[in-house]
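Novice: Fold the following and give me the result.
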Amino acid sequence: MKIIKDTHLIQSFLTSSHTRQVFPESYRPKLRLVTYEAGEAICQQDEQLTALSLVVKGKVKIVRKLFNGKEYILDISSSPNLIGNIELMTNQKIVSSVIPLEKVWVVQLPLYNRQELLSDISFLYKVGKGLATSLYQQNIQAASNIGYSVKERLATHILDIENQGHFQLELHLLADSFGTSYRHLLRTIKFFLENKIILKQGKGYFICDRAVLEKLRIHP
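Specialist: Next up, the predicted model:
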């Protein structure tokens with residue numbers, strides 16, 4: 001973790017719409033801007049929560065270690081994403097580890113006075129709204145994993161992440177988030193390649209037939 005000292009950068013992130021939607025104006029003097037590199041945990045499962053963290057730039061994976069030692073990827077999330085709201089509200093240890101997949105920028109509120117936060121109606125409303133949104137998204141994802149094919153989920157993912165037709169796939173992470181096997185995901189990608197829906201380009205891919213992907217796209 002690196003604490004950012006650049007005043008201009010701090011102000012640009014602390015005054016962003018994402019930050020204002022989570023943290024009331026009165027908390028701004030207590031906020032700090034930090035960065036984490038890929039693989040450096042923002043928080044670790046079963047440790048005590050020391051700060052609320054709002055990922056304002058970058059992508060993270062949310063990982064839960066099971067009793068048998070295996071790790072299960074609950075989600076792959078792009079910013080903005082508030083970390084620690086569940087633990088704050090339930091007063092328990094950190095439920096899941098949050099690991100950056102790339103360099104991420106995080107606005108943090110150190111938890112020096114939890115009771116102050118829990119007594120702040122405006123703040124609790126913002127946290128509650130965020131939790132409700134997360135629950136809604138998880139319900140949609142769970143329903144998608146059950147009710148839609150891997151082809152449909154992959155097509156939707158590609159269209160969500162592509163940039164001018166170009167995209168990359170993190171296969172192990174994607175298989176976990178789809179709730180499917182790595183082998184099944186590879187078969188689906190092979191189908192897309194053989195039918196010239198996508199094209200392999202170096203370490204990434206390129207969309208050749210957007211119309212087919214759009215027909216497969218899942219619409220909530």
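
Novice: Flag the shaky bits of the chain, pLDDT-wise.
Specialist: Counting by pLDDT under 70, the chain contains low-confidence ranges at 79, 138, 140-146, 220.

Novice: now for the top helix by length along the chain, which elements pack on it?
Specialist: For the chain, the helix reaching the highest residue count under DSSP state H is reported as helix 121-147. In this structure, helix 121-147 packs against helix 17-22, helix 85-90, helix 114-118, with contacts taken as 3 or more Cβ pairs under 8 Å, 6 or more residues apart in numbering; DSSP states H and E. For the C-beta atoms, the positions are set from N, CA and C on the backbone; glycine is no exception.

Novice: Indicate which one of the ones you listed is closest to residue 217.
Specialist: Shortest distance between residue 217 and the helices and strands packed on helix 121-147, using Cβ to Cβ, is found for helix 17-22: 26.0 Å.

Novice: Which SSE is immediately downstream of the closest one?
Specialist: strand 32-36 (DSSP states H and E).

Novice: Partner strands of the helix or strand just after that next one and their direction?
Specialist: Per DSSP H and E, the first helix or strand lying C-terminal to strand 32-36 is strand 51-57. Strand 51-57 sits in its sheet next to strand 81-83 (antiparallel), strand 104-110 (antiparallel), going by DSSP bridges.

Novice: Run the chain-centre distance for the shortest one.
Specialist: Right, the one you point to is strand 81-83. The chain centroid and the centroid of strand 81-83 are separated by 8 Å under Cα atoms, centre = their mean, to the nearest Å.

Novice: now the last one
Specialist: Per Cα atoms, centre = their mean, the displacement of strand 104-110 from the mean C-alpha position of its chain is 14 Å.

Novice: and the angle from it to strand 32-36?
Specialist: For strand 104-110 and strand 32-36, the angle between their directions (axes from the mean of the first three to the mean of the last three Cα atoms, to 10 degrees) works out to 140 degrees.

Novice: Point out the other helices and strands that the helix or strand where residue 98 lies packs with.
Specialist: Using DSSP H and E, residue 98 sits in strand 97-100. For strand 97-100, the packing partners by 3+ Cβ pairs under 8 Å, 6+ apart come out as strand 59-65.
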